[in-house]
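In: for reference, the sequence and a predicted model appear below.
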Amino acid sequence: MLENPRSPRVRAVAKLTKRSARTETGLFLLEGPQAVREALTYRPEAIVELFATPTGWERHSDIRAKSSDARITVEHVTEYVLNAMADTVTPQGLVAVVRQTPTSVRDIFAASPRLVAICEEVRDPGNLGTIIRAADAAGADAVVLTGRTVDPYNPKVVRATTGSLFHLPVSIGGDLSDVIDRAHDAGLRILAADVKGDDLLQARADGLLAEPTAWLFGNEARGLEDASLDLADRVLKLPIFGRAESLNLATAASVCLYESAFAQRAASQG
């Protein structure tokens, strides 16, 4: 059992809360039973190390079974050691070190996707994690991150995805213009979500949302730059029926993705 929270091994794991360490090692930190469970189910080959307190290990029989099936050996640690490793205050007895497995932009669009979320300069970890989760829930085929969008392996992003990071391809570090070109070549229409746009309800009535689509979402504070908006085929906005000044980025993105998911499924069944 690992008992020293200041040991080099523990410190190496704790450093993964920093982007520089994640970039250098190609690894990231996974905290809590739900995240570990999703990794064991969908990407067990990416798990490098698994740490658990004896109590945490006993509590989750399904995680023990999945670890055994994947031939992953658990390292038992004390509560003090686990707390030293984790970014959260309460990691709930389980922490894993996992390989980053981004997908290339080329491979994403070579797979003939019908619904993709493109995030340009999204900076808030909670927003990005929620967009990835919403894209997964809406049945999107991928999420593409461009510009200086926050690192998807940031612990706060990982937590906000609640495991969706392991469910669909995520591409990082792309140039927006190149991504748009590849999306067009794959037959997708680019719809930018921005307050300067046309009414989304009219686009829905016109059947636009049923087409293969890449939604483009911008920075929380500034939105999309004019040059980025010019790359889109249409710019659309969500109507505000109440007195709210605007919607949170992740909320707006969730609505847009689900509108496309509803329209595409209705068209395929009709």
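Out: Cool, got the structure. Note that the structure is a prediction, hence the values are computed from the model and not measured. Numbering: from 1, shown residues only.
In: Cys256 contacts Leu216, doesn't it?
Out: No. Taking contacts as CB atoms under 8 Å, Cys256 lies outside contact range of Leu216: 9.7 Å. The way it works is simple: take the backbone N, C-alpha and C, and place the C-beta from them, glycine included.
In: overlap in contacts, those two.
Out: Residues touching both Cys256 and Leu216 by CB atoms under 8 Å, 6 or more residues apart in numbering: Leu191, Ala193.
In: so for these two, which sits in the more crowded spot?
Out: The neighbour count for Cys256 versus Leu216, taken as other CB atoms under 10 Å, is higher for Leu216 (29 against 26).
In: just checking, the more buried one is part of a strand?
Out: Yes. According to DSSP: H, G, I helix; E, B strand; the rest coil, Leu216 belongs to a strand.
In: contacts only, for it.
Out: By CB under 8 Å, 6+ apart, the contact list for Leu216 reads Ile118, Glu120, Ile180, Ile190, Leu191, Ala192, Ala193, Leu224, Ser228, Leu231, Ala232.
In: could you identify which of those has the most neighbours?
Out: Comparing the contacts of Leu216 by number of neighbours (other CB under 10 Å), Ile118 comes first, having 30 neighbours.
In: tell me which strands and helices the top strand by length along the chain is in contact with?
Out: Under DSSP state E, the strand in the chain containing the largest number of residues is strand 189-199. When contacts are defined as 3 or more CB pairs under 8 Å, 6 or more residues apart in numbering; DSSP states H and E, strand 189-199 packs onto helix 176-185, strand 213-217, helix 226-229, strand 234-237, helix 249-269.
In: nearest to Tyr42, of those?
Out: In terms of CB to CB, the element of the helices and strands packed on strand 189-199 nearest to Tyr42 is helix 249-269, at 20.3 Å.
In: neighbours of the closest residue to Asp124 other than its chain neighbours, how many?
Out: Nearest residue to Asp124 in three dimensions, chain neighbours excluded: Glu220, at 5.5 Å (CB to CB, 6 or more residues apart in numbering). Neighbourhood size, Glu220 [other CB under 10 Å]: 15.
In: hmm, Pro125 and Glu220 touching each other?
Out: No. Counting by CB under 8 Å, Glu220 does not reach Pro125; the two are 11.1 Å apart.
In: before we move on, the earlier item: how about whichever helix or strand comes after the longest strand of the chain: buried residues?
Out: Scanning forward in sequence from strand 189-199 by DSSP states H and E, the next helix or strand is helix 200-205. Going by neighbour count (16 or more other CB atoms under 10 Å), the buried part of helix 200-205 is Leu200, Ala203, Arg204.
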